[in-house]
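Asker: One predicted model, sequence on top.
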Amino acid sequence: MKASMELQRFELRLSGLGGQGILTLGKVLGAGLAIEEGYEVSQTQSYGPEARGGASRSDLVISSHSISYPKPEQLDLLVAMSQEACNLYYRHLKPGGLLLVDDSLVKQTPTNIYWGLPFTSLAVQKLGMPQAANMVLLGALAHFLPFIQPRSMKKSLERNLSPRFLEGNLKAFQLGLTHARKKYPDAQEQWTFS
Amino acid sequence: MPSKVKKPNRRNERAIFALGNEAVVEGALLAGCSFFGGYPITPSTEIAEIMADRLPRLDDGVFIQMEDEIASLGAVIGASLAGRKAMTATSGPGFSLMQEHIGYACMAEVPLVIVNVMRGGPSTGLPTSPAQGDVQQARWGTHGDHPIIVLSASDVHECLEMTVRAFNLAEKYRSPVILLLDEITAHTREKITLPEPGSFEIFTRIKPSMPPEWFVPYEESMRGVPPMPPLGAGYRFHVTGLTHDVHGYPTSRPEEVQNLMQRLFRKIDQFFYDIQFVEETACDDAEILVIAYGCVARSAHLAVVQAREKGLKAGLIKLKTLFPFPRPAMEKLMQHCRVLVVPEMNMGQISREVKRVNNGRAQVRTLNRVDGQIITPGQILKLLQKV
Amino acid sequence: MAEVTQLIHHYLRHNKKFPHVLCPGCGHGIVLGSLVRSIHQLGLTKDEVVLVAGIGCSGRIAVYTDFNTVHTTHGRALTFATGIKMANPGLKVIVIMGDGDALSIGGNHFIHAARRNIGVTALILNNNIYGMTGGQSSSTTPQDSVSMTTPFGQMEKSFDIVELAKAAGAHYVARSTVLHVKLLDRIIVTALERPGFNLVEALTPCHTQFGRKNKFKTVVDMYKWYKKNALPLDALAKLPEAQRNARVPIGIFVQEEAHSLEDRYVMLRSRLQEGAS
């Protein structure tokens, strides 16, 4: 089991296209961290016409202490679920910040240092539900981020999403978690926290 | 490797992860609000949506979507006259439409709360981007000379807290109270702990206790705030937007007009101390004082912390009351400082007030941003280092 | 006469300074009399009646009556009334508006109040003109008539309040003139008894601002015009079709049953509470 960690200011951006469930993911992840894990979290999101088809973005600042400025300044982790998002936001990563992409959609990464998993094609091929890609991603994040307990995220899923979709969502979550563990068993050791 | 520590308050049953707009609803319900009349407009819409779900579940709760913002505030005034704690929420263009009825509520002394989630303007402007351009409109938007109370909040917890305070002040002073939020504050999700019922002071308007035949609806008193009966309780009186005498009847007799206007101002002015909310950070020895409100106050907080780390004697006054402008609270803090820095997402609306109360003792530096983006801590820090 | 005096003493305010604002010959006082008689006939208490008024000559009526009176903003009386009724459905909410008030500046609120069937009685005192501000055209000023802002004749078509209310979904729509007082009393009583949004249009002459500019020598000529041209619906039906257009139909145009909004709200609440328990 992962240890509880003190975080100063961890900045995370979830980005992709409208319809991929980025905003829902941000809310579930944020609620899990804030309510189940007890961190302070400020979650903001891009809001506007782009939320319906164009670029979509959800930002989280996570800390063990109260958060003054609610928006990210330099990202510790950028998750890109589309090529455009990857291109657009890569420059916001801080030096040493990490990039995680859906490599079934992002074909061209600006650096060779990144983590990639095919969230969308996993959701399509294993579950027949492309819209569950966000929950596959959540499962993977539960592995990649050393301060997230998978069971907290599962609880957050239960509390924040419709019970009708819970079974499918939990399956997707497990799928992401399993694949991330298999492909990147050492992921958690790669973090350097400032 | 990070140190292992005990997690702070793991799983608190009263903790929620909520938008600023959701916290407004929680605050309103805590304060006893049972009526919401509104019209959907970005970025305030969630308040109406959540109210639409919550209010009908209460024994006496009413949500009504009106045909426009003029009608929304009209319905809210009606509900308040009928004895309800009532509110509306809007943004930019909707707030402009409400101005006529804000004046009515001032004149007829109707307690109510208006939440205005500020977005870029003028006109349709930037519907989904933050701004702080409605500050002076909130103070002076309706025609005629009038006092008004304008509050502000900068994070999700404050959205709850200041909504409760807005209701309390509205009820205490029989005045419309405007709570100014901005798109960022309204749309940030954070963890807040819902207060236990009873942990906040909740004020409810004072009703007349004398028999109806003795009741003079707008009688002069020390407090300046007449008791307010709900419609239908036996105290039949006249409510009007016309300048009126103590009975509520229209008048143009100069002495009666003068008395009314003076009382309207006095009832707010003499309770300055009860209405001014400011929060100080590192102000005691500060030579450079940042004065900020809304989401910008959060940028300013980080900037001040960083400035202190660099050895600058910087401090922050966060304004939670914008009007009446908290002059007494400010003057004390301004006495020993060299520079006042006022960052805001407009071309200088609160900095005018700061300059007005400053009396030339300190240099006032403004930092203005009107491109639909938040002023960053870096921008403020840069200015602090320069001055 | 004694009975009238009693009504006046009971329903009008004693401490309100008179004289009132209405001109000699104005029909607004007749509507006020009709309203007071109707309330009296129904046995409503003064405490349960809320009289909400707009701005204009009609708006000034409320202050004279000893009910709960709310003199609102121009055109928005129905919005205040909506809030009052939703907040306390036990109150009998009556809204007095003028034609410019209800149909021009308040047109939007009018159609929506009718559509949502809020439980208020709307009395529109239609004198076809803005009286208080000195005789400018309103949205019911007949085409070609002269006003201060249509010195060469009104070019626009006017609203027919009854037709508009019908189209907006009002469940009770009635019209009378102030000359047809018995009809006026009857339709106001019915309107006050019914749930939901009830519209009564009262045609009332404004000689000072409308009649004088439009070939009515005296206000009596205006009453005579009502006498000649206002026809009950059944009488109108007997006329040859060619003659009908020049006449003004009076009577009850719509009378249907439907739940008011505030009743529906009570039902919603109990449904939600059942679901919760």
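Answerer: In hand now; what should we look at? Numbering: from 1, shown residues only, chains lettered A, B, ... in the order given.

Asker: Now do the helices in chain A.
Answerer: Listed in chain order, the helices found in chain A under DSSP state H are A:22-31, A:83-89, A:119-122, A:133-144, A:150-160, A:166-183.

Asker: which stretch among the ones you listed comes nearest chain C?
Answerer: Smallest distance to chain C across the helices of chain A (C-beta to the nearest C-beta): 18.8 Å, for helix A:150-160. Placement of C-beta: from N, CA and C, glycine included.

Asker: Could you tell me how far the closest one lies from the centre of the chain?
Answerer: Computed by C-alpha atoms, centre = their mean, to the nearest Å, the separation of helix A:150-160 from the middle of its chain amounts to 14 Å.

Asker: residues in contact with it?
Answerer: Residues from elsewhere that reach helix A:150-160 (C-beta atoms under 8 Å, 6 or more residues apart in numbering or on different chains): A:27-29, A:31-33, A:35-37, A:135, A:138-139, A:141-143, A:166, A:169-170, A:173, A:177.

Asker: Could you tell me which ranges of the stretch 151-277 of chain C sit under the pLDDT cut-off?
Answerer: Within the stretch 151-277 of chain C, the segments meeting pLDDT under 70 span C:277.

Asker: picking up where we left off before, which of the contacts of helix A:150-160 count as buried?
Answerer: Applying 16 or more other C-beta atoms under 10 Å in any protein chain shown to those, the neighbour count classes A:27-29, A:31-33, A:35-37, A:135, A:138-139, A:141-143, A:169-170, A:173, A:177 as buried.

Asker: Model confidence for the residue nearest to residue C:13 when sequence neighbours are not counted, exactly?
Answerer: The shortest distance from residue C:13 to any residue other than its chain neighbours is 4.8 Å, reached at residue C:66 (C-beta to C-beta, 6 or more residues apart in numbering or on different chains). What the model reports as pLDDT for residue C:66 is 97.

Asker: And residue C:66, how far from chain A?
Answerer: Distance, residue C:66 to chain A, by C-beta to the nearest C-beta, to the nearest Å: 53 Å.

Asker: tell me the contacts of that residue?
Answerer: Taking C-beta under 8 Å, 6+ apart as the criterion, residue C:66 is in contact with B:236, C:10, C:11, C:12, C:13, C:14, C:46.

Asker: any idea how far it lies from residue A:170?
Answerer: Between residue C:66 and residue A:170 the distance, using C-beta to C-beta, to the nearest Å, works out to 67 Å.

Asker: quick revisit: just checking, which of the helices of chain A sits deepest inside the structure?
Answerer: For the helices of chain A, the stretch with the most neighbours on average is helix A:133-144, a mean of 27; neighbours defined as mean count of other C-beta atoms under 10 Å in any protein chain shown.

Asker: The helices of chain A into CSV, with extra columns for mean pLDDT?
Answerer: Output for those, formatted as CSV (pLDDT from 0 to 100):
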stretch, mean pLDDT
helix A:22-31, 96
helix A:83-89, 94
helix A:119-122, 97
helix A:133-144, 97
helix A:150-160, 95
helix A:166-183, 96
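
Asker: burial of whichever residue of chain A sits closest to chain C, as a residue count?
Answerer: Using C-beta to the nearest C-beta, the single residue of chain A nearest to chain C is residue A:163, 16.0 Å away. Residue A:163 has 8 neighbouring residues, counting by other C-beta atoms under 10 Å in any protein chain shown.

Asker: swap in residue C:221?
Answerer: When counting by other C-beta under 10 Å, one arrives at 13 neighbours for residue C:221.

Asker: Need the three-state assignment for it.
Answerer: The local conformation at residue C:221, judged by DSSP: H, G, I helix; E, B strand; the rest coil, is helix.

Asker: Can you name the residues that contact the residue in the stretch 101-250 of chain C that chain A sits nearest to?
Answerer: Scanning the stretch 101-250 of chain C for proximity to chain A using C-beta to the nearest C-beta identifies residue C:108 as nearest, at 27.5 Å. Contacts here follow C-beta under 8 Å, 6+ apart; on that basis residue C:108 touches B:67, B:68, B:71.

Asker: Neighbour-wise, which one of those residues leads?
Answerer: Among the contacts of residue C:108, residue B:71 has the most neighbours (other C-beta under 10 Å), with 29 neighbours.
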